[in-house]
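A.B. asks: Next come a sequence and a model predicted from it.
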Amino acid sequence: MPIEQFSMEMVNFATLAPMLVLVLGGMFILIIDLFQKLDRGFYVTVTMMTLALALGLLLFYGVQGHGFFDVMLVDGIALASQMIIIGASLLFIPLAMTGVRFMEFKFAEFYALFLFMVAGFAFMVSSDNLIMIFIGLETGSLALYTLIAMHRRDKSLEAAIKYFTMGGAAAALFAFGAMLLYAATGSVEIRTIEEVLVSSGFANLPLVLAGSAFLLAGLGFKLSVVPFHTWTPDVYEGASAPLAGYMSIVPKIAAFVVLLRLFDFLVQSPDGIIYWLLWIAAVATMTIGNILALVQDGVKRMLAYSSVSHAGFVLTAVVMGTTQAHTGIFLYWALFLFTNLGAFAMLWISRHPSKVWDIRYDHPYKKFAGMVHISPVGAVVMAVFMLSLAGIPPFALFWGKLYLISAAVNSGHLVLALIMLANSAIAVYYYLKLIIYMFLHDPEENDNTVYYQNGTVPLKIVLGVAAVAVSLSFLAIDPMLNLFGDLVAASGF
């Protein structure tokens with residue numbers, strides 16, 4: 001059998017460029033740290049420059065198709081998701097300059113691991129090879145486990161162990177599901193799996209159904225899909241507030257992309273079993289997430305459960321399977337990026353390494369009572385984020401919710417649209433509850449003073465950017481829809 005001649009076209013380094021920059025940036029930080037211990041300002045600057053360069057390369061080379069011996073796939077949805085991943089990272093990393101109180105930001109390893117994590121999730125969305133997706137998933141996840149533990153609190157270590165345990169189970173489920181699809185089709189390439197299944201009329205259906213169930217369970221852990229959501233509140237509570245907000249965005253958009261690549265054709269299985277499995281998962285996730293958020297006494301846990309509900313809301317787009325719905329995934333998550341990361345960053349202002357407001361919660365609702373009297377600007381900014389999460393016009397997520405609900409109506413999923421509307425109405429209660437505490441309650445007496453004034457310039461800049469983006473997002477909805485719509489259409493979705 002003749003050996004295929006090697007050519008540089010087979011490598012197509014352009015498809016690897018952003019990820020290589022991220023990996024090299026992380027290695028550079030580690031090498032520098034071997035010889036000289038430098039101030040965290042240097043590491044933040046290098047990390048920001050690395051992320052900016054990766055984003056520049058991403059925008060420069062555009063849609064390139066396959067590369068690196070056909071393992072990489074840079075298409076429209078890969079570009080859209082990488083923009084969100086790197087954009088969220090650029091918004092997150094300045095928060096490392098918000099004070100000297102938390103030790104993890106002093107270590108070079110934090111920034112190197114962060115870049116490796118971003119590279120892992122970027123690899124994950126830029127491939128249709130199940131082995132490469134698994135490698136990207138584990139690279140990003142292993143780095144993230146360590147970043148959580150570096151917060152160096154008892155709850156942080158507990159959160160890291162829980163996330164590691166659940167992540168290990170998710171990896172095993174994903175690997176087993178990929179093995180079953182390989183057994184059914186003889187390939188680990190998603191496009192080849194689709195061709196084999198569609199052309200054969202879904203032969204080996206039992207294997208395909210079992211593989212799909214395991215893959216949905218594995219990805220469901222990352223997306224906090226019910227019933228695989230139980231780790232979410234404890235892990236978010238143990239992680240630092242900005243990292244918890246980051247976790248609610250980046251790993252989930254990566255998992256959504258893989259879910260979209262896989263289940264766009266798997267939902268076509270005979271008898272609609274996979275379709276209804278996804279339908280039930282989406283409805284249960286948005287509904288149960290909302291109900292659990294309603295009964296929380298801590299704001300951070302409320303935001304954790306609300307992120308579960310938002311994941312269920314966006315999962316409906318995979319169920320619908322239309323180009324409009326798929327475009328809605330990226331529109332919604334780009335708007336969610338500014339809203340949720342901003343909300344979690346607001347919790348960071350009142351955080352202290354030793355003084356704890358409440359034995360059970362770092363951020364109970366009563367801690368925010370009368371915030372308008374202590375920090376009027378902070379109360380207004382937090383209210384903006386809450387109104388956006390609630391889907392109140394004209395704030396950001398109103399447009400994301402409206403677009404996805406209209407996609408459900410246009411695709412004939414009227415029952416699903418009504419459930420989405422009902423859940424949006426339920427969510428308003430617990431978001432407005434925090435606003436009522438901030439504006440209508442008197443400040444609570446407590447020895448451990450609320451540290452609303454501890455926001456430094458980088459934190460204020462990040463919050464300002466997020467608040468302006470959330471408030472004025474209606475001016476950018478059309479350009480965003482055109483951008484994401486073109487990218488999704490170019491990918492054939």
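C.D. replies: The structure has been received and is ready for your questions.

A.B. asks: going forward, measure contacts and count neighbours with C-alpha atoms only.
C.D. replies: OK.

A.B. asks: low-confidence ranges in this structure?
C.D. replies: Counting by pLDDT under 70, the low-confidence segments of the chain come to 1-11, 62-64, 98-103, 152-154, 350-361, 445-455.

A.B. asks: let's see 50
C.D. replies: 1-3, 353-354, 447-448, 450-453 (pLDDT under 50).

A.B. asks: Which parts of the stretch 351-493 of the chain are helices?
C.D. replies: 371-374, 376-389, 396-410, 414-440, 457-471, 477-490 (DSSP state H, counting those that start in this stretch).

A.B. asks: for those helices, which one sits closest to residue 348?
C.D. replies: For the helices of the stretch 351-493 of the chain, the distance to residue 348 is smallest for helix 457-471, at 8.9 Å, taking C-alpha to C-alpha.

A.B. asks: out of the helices of the stretch 351-493 of the chain, which comes closest to residue 29?
C.D. replies: helix 457-471 (21.3 Å).

A.B. asks: Please name the residues that touch the closest residue to residue 372 other than its chain neighbours.
C.D. replies: What sits nearest to residue 372 in space, not counting adjacent residues and going by C-alpha to C-alpha, 6 or more residues apart in numbering, is residue 379, at 5.2 Å. Under the criterion of C-alpha atoms under 8 Å, 6 or more residues apart in numbering, the contact list for residue 379 reads 371-372, 438-439.

A.B. asks: Adding neighbour count, write those residues out as TSV.
C.D. replies: Compiled in TSV, the contacts of residue 379 are given as follows (neighbours: other C-alpha atoms under 10 Å):
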residue	neighbour count
371	26
372	20
438	28
439	19
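
A.B. asks: possible to save the residues you listed as TSV with distance to residue 220?
C.D. replies: Supplementary listing: those in TSV, determined by distance: C-alpha to C-alpha, whole Å:
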residue	distance to residue 220
371	37
372	39
438	35
439	37
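
A.B. asks: Nearest to residue 73 among these?
C.D. replies: For the contacts of residue 379, with residue 73 as the reference and C-alpha to C-alpha as the criterion, the closest is residue 438, at 47.3 Å.

A.B. asks: what's near enough to touch the closest one?
C.D. replies: Taking C-alpha under 8 Å, 6+ apart as the contact definition, residue 438 lies against 368-372, 379.

A.B. asks: Would you mind pulling the contact partners of the strand or helix carrying residue 56?
C.D. replies: Taking DSSP states H and E as the criterion, residue 56 maps to helix 40-61. The set of residues that contact helix 40-61 without belonging to it, under C-alpha under 8 Å, 6+ apart, is 14, 17-19, 21-22, 25-26, 29, 79, 82-83, 86, 89-90, 93-94, 96-97, 105-108, 111, 115.

A.B. asks: try stretch 144-151
C.D. replies: Outside of stretch 144-151, the residues that reach it under the criterion C-alpha under 8 Å, 6+ apart are 102-104, 110, 113-114, 117, 156-157, 159-161, 163-164, 238-240, 243.

A.B. asks: mind redoing it with 7 Å?
C.D. replies: With C-alpha atoms under 7 Å, 6 or more residues apart in numbering as the contact definition, stretch 144-151 has outside contacts at 104, 110, 117, 156-157, 160, 163-164, 239-240.

A.B. asks: Could I have the CA atoms of that stretch written out in CSV?
C.D. replies: Coordinates of the C-alpha atoms in stretch 144-151 are reproduced here as CSV (Å, rounded to 0.1, in the frame of the first residue of the first chain):
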residue,chain,number,x,y,z
LEU,A,144,-9.5,24.3,35.6
TYR,A,145,-9.5,21.9,38.5
THR,A,146,-6.1,23.3,39.6
LEU,A,147,-7.2,26.9,39.2
ILE,A,148,-10.1,26.3,41.5
ALA,A,149,-8.0,24.6,44.2
MET,A,150,-5.5,27.5,44.0
HIS,A,151,-8.0,29.8,45.7
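
A.B. asks: From the chain's centroid, how far away is that stretch?
C.D. replies: Centroid separation for stretch 144-151 versus its chain: 17 Å, with C-alpha atoms, centre = their mean, to the nearest Å.

A.B. asks: What values do phi and psi take at the closest residue to residue 270 other than its chain neighbours?
C.D. replies: Spatial nearest neighbour of residue 270, excluding adjacent residues (C-alpha to C-alpha, 6+ apart): residue 202 at 7.4 Å. For residue 202, the backbone dihedrals are phi 60, psi 50 (criterion: degrees, to the nearest 10).

A.B. asks: wait, isn't residue 202 in contact with residue 268?
C.D. replies: No: applying C-alpha atoms under 7 Å, one finds residue 202 not in contact with residue 268, separated by 8.9 Å.

A.B. asks: out of the two, which sits in the busier spot?
C.D. replies: residue 202 (21 against 17; other C-alpha atoms under 10 Å).

A.B. asks: that older thread, how near is the residue nearest to residue 270 to residue 275?
C.D. replies: With distances taken as C-alpha to C-alpha, to the nearest Å, residue 202 is found 14 Å from residue 275.

A.B. asks: Could you do residue 174 as well?
C.D. replies: Relative to residue 275, residue 174 is positioned 19 Å away (C-alpha to C-alpha).

A.B. asks: again with residue 417
C.D. replies: Counting by C-alpha to C-alpha, the gap from residue 417 to residue 275 is 16 Å.

A.B. asks: Check residue 223 too.
C.D. replies: 18 Å.

A.B. asks: out of the two, which sits in the more crowded spot?
C.D. replies: Taking residue 223 and residue 275 together and counting by other C-alpha under 10 Å, residue 223 has the greater number of neighbours (29 against 22).

A.B. asks: Backbone dihedrals for that one, please?
C.D. replies: Geometry field for residue 223 lists phi and psi as phi -90, psi -10, criterion degrees, to the nearest 10.

A.B. asks: do the same with the one 5 residues further on
C.D. replies: Per-residue torsions, residue 228: phi -100, psi 30 (degrees, to the nearest 10).

A.B. asks: Same question for residue 72.
C.D. replies: Here residue 72 shows phi and psi, under degrees, to the nearest 10, equal to phi -80, psi 150.

A.B. asks: residues contacting residue 236?
C.D. replies: For residue 236, the set of contacting residues under the criterion of C-alpha under 7 Å, 6+ apart consists of 244, 304.

A.B. asks: what about residue 169, how many residues close to it?
C.D. replies: Residues near residue 169, counting by other C-alpha under 10 Å: 15.

A.B. asks: Is the spatially closest residue to residue 321 that is not a sequence neighbour in a helix, a strand, or coil?
C.D. replies: For residue 321, ignoring the flanking residues on the chain, the nearest one in space by C-alpha to C-alpha, 6+ apart is residue 264 at 6.2 Å. Put simply, residue 264 is helix when judged by DSSP: H, G, I helix; E, B strand; the rest coil.

A.B. asks: Residue 264 and residue 275, how far apart?
C.D. replies: Distance check for residue 264 against residue 275: by C-alpha to C-alpha, it reads 10 Å.
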